[in-house]
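K.L.:
quick check, what structure comes out for this input:
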Amino acid sequence: MHKDELLELHEQMVIIKDHFKSRNHVDDTLFDPYDELGVEPSHVHKSKSEHKHAVFVLGNALATAMSEDEFSSAGRVGKRMEELADDAEGKI
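P.N.:
Residues are numbered from 1 along each chain as shown. Next up is the predicted model:
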(Lines give C-alpha, C1' and ligand atoms only; values in the text may rest on other atoms or scores of the structure.)
Protein backbone atom coordinates (compact mmCIF):
# COMPACT_ATOMS: atom_id res chain seq x y z
CA MET A 1 0.00 0.00 0.00
CA HIS A 2 1.32 3.43 -0.91
CA LYS A 3 1.57 6.12 1.75
CA ASP A 4 -1.19 8.26 0.20
CA GLU A 5 -3.54 5.25 0.27
CA LEU A 6 -2.59 4.57 3.88
CA LEU A 7 -3.32 8.19 4.80
CA GLU A 8 -6.75 7.92 3.15
CA LEU A 9 -7.51 4.70 5.05
CA HIS A 10 -6.32 6.34 8.27
CA GLU A 11 -8.60 9.32 7.63
CA GLN A 12 -11.64 7.10 6.98
CA MET A 13 -10.97 5.10 10.14
CA VAL A 14 -10.81 8.31 12.19
CA ILE A 15 -14.26 9.25 10.84
CA ILE A 16 -15.56 5.86 12.02
CA LYS A 17 -13.85 6.37 15.41
CA ASP A 18 -15.54 9.75 15.80
CA HIS A 19 -18.90 8.13 15.02
CA PHE A 20 -18.34 5.48 17.69
CA LYS A 21 -17.20 8.08 20.24
CA SER A 22 -20.44 10.01 19.69
CA ARG A 23 -22.49 6.98 20.69
CA ASN A 24 -23.41 6.64 24.34
CA HIS A 25 -22.72 2.93 24.77
CA VAL A 26 -19.05 3.03 23.70
CA ASP A 27 -16.36 3.57 26.33
CA ASP A 28 -14.35 6.68 25.35
CA THR A 29 -11.20 5.29 26.95
CA LEU A 30 -11.19 2.54 24.33
CA PHE A 31 -9.50 4.96 21.91
CA ASP A 32 -6.90 6.28 24.38
CA PRO A 33 -4.06 4.08 23.04
CA TYR A 34 -4.65 5.52 19.56
CA ASP A 35 -4.98 9.11 20.82
CA GLU A 36 -1.74 8.77 22.82
CA LEU A 37 0.21 7.93 19.65
CA GLY A 38 -0.18 11.49 18.39
CA VAL A 39 -0.32 10.34 14.76
CA GLU A 40 -3.22 11.81 12.82
CA PRO A 41 -4.04 11.44 9.11
CA SER A 42 -3.13 15.08 8.54
CA HIS A 43 0.41 14.46 9.82
CA VAL A 44 1.85 13.74 6.38
CA HIS A 45 5.37 14.36 7.72
CA LYS A 46 5.12 11.24 9.90
CA SER A 47 6.57 8.05 8.45
CA LYS A 48 4.56 5.42 6.66
CA SER A 49 5.48 3.01 9.48
CA GLU A 50 4.03 5.38 12.09
CA HIS A 51 0.77 5.68 10.17
CA LYS A 52 0.64 1.91 9.67
CA HIS A 53 1.05 1.37 13.41
CA ALA A 54 -1.65 3.98 14.13
CA VAL A 55 -4.05 2.27 11.70
CA PHE A 56 -3.57 -1.09 13.42
CA VAL A 57 -3.99 0.39 16.91
CA LEU A 58 -7.12 2.22 15.77
CA GLY A 59 -8.38 -0.90 13.99
CA ASN A 60 -8.01 -2.86 17.22
CA ALA A 61 -10.01 -0.25 19.13
CA LEU A 62 -12.74 -0.16 16.47
CA ALA A 63 -13.02 -3.95 16.37
CA THR A 64 -13.21 -4.02 20.16
CA ALA A 65 -15.96 -1.40 20.08
CA MET A 66 -17.94 -3.59 17.67
CA SER A 67 -17.31 -6.92 19.38
CA GLU A 68 -19.50 -8.62 21.89
CA ASP A 69 -16.59 -10.67 23.22
CA GLU A 70 -13.12 -11.75 22.13
CA PHE A 71 -14.52 -14.81 20.35
CA SER A 72 -16.94 -12.93 18.08
CA SER A 73 -15.86 -12.12 14.53
CA ALA A 74 -15.04 -8.53 15.46
CA GLY A 75 -13.24 -9.74 18.57
CA ARG A 76 -11.00 -11.98 16.48
CA VAL A 77 -10.32 -9.09 14.10
CA GLY A 78 -9.43 -6.94 17.10
CA LYS A 79 -7.00 -9.56 18.36
CA ARG A 80 -5.33 -9.76 14.93
CA MET A 81 -5.12 -5.94 14.73
CA GLU A 82 -3.41 -5.96 18.12
CA GLU A 83 -0.84 -8.46 16.83
CA LEU A 84 -0.26 -6.38 13.69
CA ALA A 85 0.08 -3.21 15.76
CA ASP A 86 2.73 -4.85 17.92
CA ASP A 87 4.60 -5.97 14.81
CA ALA A 88 4.33 -2.53 13.20
CA GLU A 89 5.52 -0.81 16.39
CA GLY A 90 8.70 -2.85 16.24
CA LYS A 91 9.40 -1.46 12.77
CA ILE A 92 9.11 2.24 13.68
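
K.L.:
tell me what the helix or strand encompassing residue 65 is packed against?
P.N.:
Assessed by DSSP states H and E, residue 65 sits inside helix 48-66. Judged by 3 or more Cβ pairs under 8 Å, 6 or more residues apart in numbering; DSSP states H and E, helix 48-66 is in contact with helix 3-21, helix 32-37, helix 73-89. Where C-beta positions appear, they are placed from N, C-alpha and C, glycine not excepted.

K.L.:
and the ones you listed as JSON lines, adding mean neighbour count, mean pLDDT and distance to residue 56?
P.N.:
Formatted as JSON lines, the helices and strands packed on helix 48-66 follow (neighbours: other Cβ atoms under 10 Å; pLDDT from 0 to 100; distance: least, Cβ to Cβ, whole Å):
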{"stretch": "helix 3-21", "mean neighbour count": "14", "mean pLDDT": "93", "distance to residue 56": "10"}
{"stretch": "helix 32-37", "mean neighbour count": "15", "mean pLDDT": "95", "distance to residue 56": "10"}
{"stretch": "helix 73-89", "mean neighbour count": "16", "mean pLDDT": "79", "distance to residue 56": "4"}
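
K.L.:
of all the ones you listed, which one is nearest residue 53?
P.N.:
With Cβ to Cβ as the criterion, residue 53 lies closest to helix 73-89 of the helices and strands packed on helix 48-66, at 4.0 Å.

K.L.:
quick one: the closest residue in space to residue 31 that isn't next to it in sequence and residue 44, what's the gap?
P.N.:
Nearest non-adjacent residue to residue 31, counting by Cβ to Cβ, 6 or more residues apart in numbering: residue 61, 5.1 Å away. Distance, residue 61 to residue 44, using Cβ to Cβ, to the nearest Å: 22 Å.
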